[in-house]
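Q: Prediction below, plus the sequence it came from.
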Amino acid sequence: MKLTRDGIAYRVACDLPDGSYVNLGIGIPTQVSSYLSADKEILFHSENGILGMGPIAEPGTEDVDLINAGKQYVTMLPGGCFFDHPMSFAMVRGGHITHTVLGALEVAANGDLANWRTPGAKVPGVGGAMDLAFGIKNVWITMTHVSTKGQPKILKACTLPLTAPHCVTRIYTDMALIDVTPEGLLLRECAPGVSVAEVQSQTGAPLKVAKDCREMDIPENIKGVPMAA
Amino acid sequence: MIDKTLKTCDEAVESVFDGATLMLGGFGDPGLPGQLLEAVRRKGVKNLAVIHNGAGAGDWALGGLIKDGRVRKVTASFPNNPGAMYFQELYLKGEIELELVPQGTLAERIRAAGAGLGGFFTPTSAGTELANGKETRTIDGRDYVFEKPLHADFAMIRAYRGDRLGNLQFRKAMRNFNIAMAMAGNVTLAEVDEFVPVGGIDAEDVHAPGIFVDKLVHCPRHPKLIEIGPPK
């Protein structure tokens, strides 16, 4: 069965290491912070000048001067700090932020990423997507394995305008966990009840299967219903 | 004696002229010079070029200027932000120019101008369509794109506290583009929540030194900024 959005977010959260500095994109990535185990200390970065960001503010406690990059009212954790845009992007481009989790429209077998310009969008906008993709060492993608039309989103080569070439290191979908390696795509885990053959049939590039490829360990309570693309 | 304080936003924007380039601070509402922008609207100047992260939200401040047809060009990273409907409408009709810049590059181009640099090489956008037509160079095996500084006739920002020397302090996520813009503006105008006496901001807590700021106005927040709740 395909994973829910929460299932994907949970699986990503399991892999973020203690002590990491993480920038989460909008959508499924934002949900990752809900599933971190309490024994890990991870500092979340927001492009608009925050490190050590806490959860979304409870209604009635919002501060008009404290928003995240998605313009939601957020909170701060002890030890957090504020700074300006040039410093914020120095953290990103300078390789200080260790991980970013982003959505994607397409990912290629060589790690090329397309996530900034949707085919139907008449007005372009890039925001901080390129800086994150170029600057951060671990670029992890969360997305549905196929598009709403059932087309593979993992391809031999991207068809949409690139955000950055050769940047993606790992892909988490509702069907699989795939590493991008110099030798190509490496299938490491399949969603519960999803076979290697099914994953390959929904992937537009050849997959190597890891020797220890296994079923994902996802708690029953967030397996739920399959997500919409 | 130095006294950069003014009583009204209308006085502060008096020298803004037709065709001017305006650099507008803020990311979302924090740091947005909404009252100065409303004064620019009242003044009625036109043909403006604007440098800002987005392209206005709703029908006030930058959104209002665009709605009024006063803006000929927007340099931004995220002009497709929800709420920028007036920009989007004019853009699709071909009536407003867009220079799309990645957010980190936008911030650094502004900083470069303020710091007196002729530009810089960034890896961001190398090998993508946003690098088309730009000089690229391989440095130690990595591709970089040359980006030029972004100057402006006027920078407009909002801060938390200010004194008559122009020293500014921000709150939380208000800093965003504002310190770099204060440096890059030929004339920098700041609106602040509160005026304090000289020394009222501890020297340790001055975020934008007054040397970068030309005029400041005490003005309460726009009612839209006092309504708390997620942007619609």
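A: Good, I have the coordinates.

Q: Could you list the buried residues of the top helix by length along chain A?
A: Secondary structure of chain A read by DSSP state H shows that its longest helix is helix A:5-15. Using 16 or more other CB atoms under 10 Å in any protein chain shown as the test for burial, helix A:5-15 gives A:5-13. Bear in mind the C-beta positions are built from the backbone N, C-alpha and C, glycine included.

Q: Mind checking the pLDDT average for that helix?
A: In this model, helix A:5-15 has a mean pLDDT of 95.

Q: Summarise which helices and strands that helix is packed against.
A: Applying 3 or more CB pairs under 8 Å, 6 or more residues apart in numbering or on different chains; DSSP states H and E, one finds that helix A:5-15 makes contact with helix A:28-31, strand A:138-143, strand A:168-173.

Q: Residues touching it, excluding its own?
A: Taking CB atoms under 8 Å, 6 or more residues apart in numbering or on different chains as the criterion, the residues outside helix A:5-15 that touch it are A:3, A:28-29, A:31-37, A:101, A:140, A:142, A:170, A:172-174, A:177, A:189, A:191, A:216-219, A:222-224, A:227.

Q: sorry, back to before: output the helices and strands packed on helix A:5-15 as TSV; include the columns mean neighbour count, mean pLDDT and distance to residue B:220.
A: Below are the helices and strands packed on helix A:5-15 laid out as TSV (neighbours: other CB atoms under 10 Å in any protein chain shown; pLDDT from 0 to 100; distance: least, CB to CB, whole Å):
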stretch	mean neighbour count	mean pLDDT	distance to residue B:220
helix A:28-31	21	90	33
strand A:138-143	24	98	42
strand A:168-173	24	98	46
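
Q: okay if I get these as a markdown table plus distance to chain B?
A: A markdown table is the format used below for the helices and strands packed on helix A:5-15 (distance: least, CB to the nearest CB, whole Å):
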| stretch | distance to chain B |
| --- | --- |
| helix A:28-31 | 13 |
| strand A:138-143 | 13 |
| strand A:168-173 | 14 |
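
Q: if I look at residue A:24, how far off is residue A:68?
A: Summarising the geometry, the distance separating residue A:24 from residue A:68, computed by CB to CB, to the nearest Å, is 9 Å.

Q: mind checking which of the helices and strands packed on helix A:5-15 is nearest residue B:32?
A: Each of the helices and strands packed on helix A:5-15 was scored for nearness to residue B:32 using CB to CB, and the closest is helix A:28-31 (23.3 Å).

Q: Dump that closest one to CSV, restricted to CA.
A: In CSV, the C-alpha atoms belonging to helix A:28-31 read as follows (Å, rounded to 0.1, in the frame of the first residue of the first chain):
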residue,chain,number,x,y,z
ILE,A,28,5.1,17.2,3.1
PRO,A,29,8.6,18.5,4.3
THR,A,30,6.9,20.8,6.8
GLN,A,31,5.3,17.7,8.4
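
Q: Work out the sheet partners of the following helix or strand past it and label each with its direction, please.
A: Scanning forward in sequence from helix A:28-31, with DSSP states H and E defining helices and strands, the next element found is strand A:43-46. Strand A:43-46 pairs in its sheet with strand A:21-24 (parallel), strand A:50-56 (antiparallel), by DSSP bridges.

Q: returning to what we had before: so for residue A:24 and residue A:68, which sits in the more crowded spot?
A: Set side by side, residue A:24 and residue A:68 show more neighbours around residue A:24, with 27 against 23, by other CB atoms under 10 Å in any protein chain shown.
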